[in-house]
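Enquirer: The following comprises the amino acid sequence and a computationally predicted model.
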Amino acid sequence: MENQLERIRSKLIERLCKNSEDDEIRLNTLPVEKITEFENKYQIKLPQEIVDFYTKVSNGAVLYPDENICNLEPFENCYFDEKLIHKDFNIENDVTYDDYDAIENKDYSFERFGNIILMDLGCAMTYNIVVKGKHYGEIIGVLEMWLEITDMNFLDWLEGCLDGTVEYML
């Protein structure tokens, strides 16, 4: 994991240098105490990869400097539903528009169970990380009444975003 964190750091610095006139580019990290406070407050354990990224590499990332969206949020700005973060994200497979119609109780809030929004792509599309349930540590894509389980962990997903290999990225 350390090698991947270093590759990601280098890619972020390279991207920042191309879009800045500053001689020295710094990536600001989040104190580990902030993560611990969050975990204690919401009684969850964040995946180690996301903790390591935010505390050792950068507290968020500008992935697309020309855009106001499609950037990895600073941890303190990541959105989650405080009432639903404790519930297991228990979706087994991708959910399509037609699948939503088949859901018996029509409670569409299930897509907010046990996950945190990391990136807003606009047009009601987000990338989230699962923090409770079977897909713990995996990235999911959500677009209105559609949900895709990427089967990617946080660092693989982020590196894919930086390399332009993650589907649905600009």
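Expert: Alright, I've got the coordinates.

Enquirer: next SSE after the helix or strand of the chain with the lowest mean pLDDT?
Expert: The helix or strand of the chain with the lowest confidence, counting by mean pLDDT, DSSP states H and E, is helix 97-102 at a mean of 65. For helix 97-102, the following helix or strand on the C-terminal side (DSSP states H and E) is strand 115-122.

Enquirer: List the contacts of that next one.
Expert: 63, 69-73, 78-80, 85, 89, 126-132, 139-140, 154, 161, 168-169 (Cβ atoms under 8 Å, 6 or more residues apart in numbering). All C-beta atoms are positioned from the backbone trio N, CA, C, and that covers glycine.

Enquirer: Could I get the buried residue list for the helix or strand Leu16 falls within?
Expert: Secondary structure assignment for Leu16, by DSSP H and E: helix 2-18. Under the neighbour-count criterion of 16 or more other Cβ atoms under 10 Å, helix 2-18 has Gln4, Leu5, Ile8, Arg9, Lys11, Leu12, Arg15, Leu16 buried.

Enquirer: ok, and what's touching it?
Expert: Against helix 2-18 from outside (Cβ under 8 Å, 6+ apart): 25, 27, 52-53, 56-58, 61-63, 65, 155-156, 158-159, 162-163.
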